[in-house]
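**Q** would you be able to build a 3D model of this:
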Amino acid sequence: MSSAAQAPAARPDPTAIVRLSTAYWESQTLLTANRLRLFDALADGARSADEVAAALQLDARSTALFLRACAGLGFLVERDGRFENAPLAATFLVSRSPAYMGNVIRYSDQLYATWGQLEGALRSGQPALPAETYLGDDPARTRGFVIAMHERALGIARALVPLLDLSGRRAMLDVGGGPGTYSVLLTERFPGLESEVLELPGVAAVARELVAAAGASERVSLRDGDYHSADFGTGKDVVLMSGMFHRESAAACRGLVERAVACLEPGGLLVVSDVFTDEGGTQPAFATLFGLNMMLTAPDGGVHADAEVMRWMKDAGLRELRTLPLPPPMPHRVVMGVKP
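**A** This is a model prediction of the structure:
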């Protein structure tokens with residue numbers, strides 16, 4: 001018998017288990033730094049731990065430990081006992097930066113306790129955080145949610161908008177369009193295109209402010225309504241459904257596709273953008289975890305496969321079907337079809 005045949009099988013390595021069991025140490029460090037506006041405190045130059053502690057009204061000894069941890073994670077740089085923002089933090093975590101992501105991270109911060117209720121949600125089958133809390137019932141939390149979705153959409157749109165050719169199209173319905181960010185950017189890119197955003201009243205109120213601030217009120221309108229029951233109208237030559245399907249059951253998604261097709265003119269385009277899994281439903285890992293996040297925050301929340309969405313479109317009569325992944329690091333995919 002050869003020596004290779006006698007070699008014992010490699011033992012499983014528990015490193016990944018240990019790594020995941022403490023992963024929340026890193027996330028809570030980032031969430032807390034963002035909540036304290038640590039990176040703003042360092043935006044104008046390096047400071048000592050004592051100076052940071054005084055500026056943020058923190059304990060000096062604890063702050064020194066915290067700053068070293070932030071440096072270890074790559075958010076800060078330490079030189080001769082003074083700390084400054086690393087390029088990553090300066091670009092995305094300082095509020096005056098045009099690429100600021102702090103509100104998106106703040107939304108994750110608000111969900112931290114919700115994820116601690118994962119076991120209860122698995123037993124009850126009910127979300128740990130009622131969707132109404134951030135979709136209108138709590139104005140402050142609704143505003144925070146819409147602003148976070150706006151910042152998130154700005155990042156996604158940099159990848160999504162270049163993938164879409166809406167040249168010559170005039171009327172778009174943006175179903176569940178949240179802050180209206182996609183409508184603002186698409187109508188800006190394609191002159192002559194106007195968009196109607198259908199959204200819940202509490203969300204639409206904040207979206208109107210964002211659309212006005214972008215100077216887009218003449219080409220983007222907001223209509224209060226629940227997309228589950230509101231009339232989609234007729235005569236549209238584009239329907240956009242972005243970041244919606246992860247809140248809905250398969251049956252509801254199929255119904256939304258059918259209603260979108262009904263309101264499209266011949267030659268009209270349906271665009272569905274979301275976080276989707278592969279056909280088997282277990283990859284990519286981020287998409288599966290995103291499905292859990294939606295399960296915790298919406299009654300029918302979850303994740304679907306892009307191949308499943310394509311089948312719904314085909315069954316609804318759409319043709320020229322295709323799926324496009326957004327460029328990394330975006331985890332989203334776009335599924336498109338044309339009405340004959």
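**Q** just the buried positions in stretch 308-326, please.
**A** Along stretch 308-326, these residues count as buried under the neighbour rule (16 or more other CB atoms under 10 Å): 308-310, 312-313, 316, 318, 324, 326. Glycine gets a C-beta too; all of them are placed from N, C-alpha and C.
**Q** of all those residues, which comes closest to residue 289?
**A** Relative to residue 289, the closest of the buried residues of stretch 308-326 is residue 326; by CB to CB it sits at 17.7 Å.
**Q** quick check: that closest one vs residue 72, distance?
**A** Distance, residue 326 to residue 72, by CB to CB, to the nearest Å: 31 Å.
**Q** swap in residue 286?
**A** Taking CB to CB, one finds residue 286 at 24 Å from residue 72.
**Q** now residue 62
**A** In this view, residue 62 and residue 72 are 16 Å apart by CB to CB.
**Q** now swap in residue 60 and tell me
**A** 19 Å.
**Q** for the stretch 1-150 of the chain, which spans come out with low pLDDT?
**A** 1-7, 132-136 (pLDDT under 70).
**Q** what sits against residue 300?
**A** 247-249, 252 (CB atoms under 8 Å, 6 or more residues apart in numbering).
**Q** let's see that with 10 Å instead.
**A** By CB atoms under 10 Å, 6 or more residues apart in numbering, the residues touching residue 300 are 127, 131, 246-253, 294.
**Q** which stretches in this protein count as strands?
**A** Secondary structure of the chain (DSSP state E): strands at 47-48, 76-79, 82-85, 171-175, 194-199, 220-224, 236-242, 264-277, 304-305, 319-325, 332-338.
**Q** of these, which is nearest residue 25?
**A** Of all those, strand 76-79 comes closest under CB to CB, at 16.2 Å.
**Q** off-centre distance for that closest one?
**A** 30 Å (CA atoms, centre = their mean, to the nearest Å).
**Q** could you list the domains of the protein?
**A** When the chain is parsed with automatic domain parsing, its domains come out as 15-96, 154-338.
**Q** looking at those domains, which is buried most?
**A** Highest mean neighbour count among the domains of the chain (mean count of other CB atoms under 10 Å): domain 154-338, with a mean of 19.
**Q** what's the spacing between that domain and its chain's center?
**A** 13 Å.
**Q** can you check the distance spanned by that domain, start to finish?
**A** 26 Å (CA to CA, to the nearest Å).
**Q** what does stretch 107-127 give?
**A** 17 Å.
**Q** can you check stretch 320-329 too?
**A** End to end - CA to CA - stretch 320-329 spans 27 Å.
**Q** got a list of contacts for it?
**A** Residues outside stretch 320-329 that contact it (CB under 10 Å, 6+ apart): 155-160, 162-164, 269-270, 272-273, 275-276, 286, 306-307, 309-311, 313-314, 331-340.
**Q** how about the contacts made by residue 95?
**A** Counted by CB under 10 Å, 6+ apart, residue 95 has contacts 34, 37, 39-40, 43, 102-103.
**Q** quick check: it vs residue 55, distance?
**A** For residue 95, the distance to residue 55 equals 15 Å [CB to CB].
**Q** show me where the stretch 201-340 of the chain has helices.
**A** 201-213, 250-263, 285-297, 306-315 (DSSP state H, counting those that start in this stretch).
**Q** what's the angle between the longest one and strand 332-338?
**A** Note on geometry: by axes from the mean of the first three to the mean of the last three CA atoms, to 10 degrees, helix 250-263 and strand 332-338 are set 40 degrees apart in direction.
**Q** now do the last one
**A** Between helix 306-315 and strand 332-338, the angle comes out at 10 degrees (the same axes, to 10 degrees).
**Q** kindly calculate the angle that helix 306-315 makes with strand 236-242.
**A** Using the same axes, to 10 degrees, helix 306-315 lies at 160 degrees relative to strand 236-242.
**Q** please enumerate residues in contact with helix 306-315?
**A** With CB under 10 Å, 6+ apart, helix 306-315 has contacts from 241, 245, 250, 253-258, 260-261, 270, 272, 274-281, 287, 304-305, 318-325, 332-339.
**Q** recalculate using a threshold of 7 Å.
**A** Residues from elsewhere that reach helix 306-315 (CB atoms under 7 Å, 6 or more residues apart in numbering): 245, 250, 253-254, 257, 270, 272, 276, 279, 321, 323, 333, 335, 337.
**Q** Provide a list of residues in contact with the residue positioned nearest the centre of the chain.
**A** Taking CA atoms, centre = their mean, the centroid of the chain lies closest to residue 152, which sits 5.4 Å from it. When contacts are counted by CB under 7 Å, 6+ apart, residue 152 touches residue 104.
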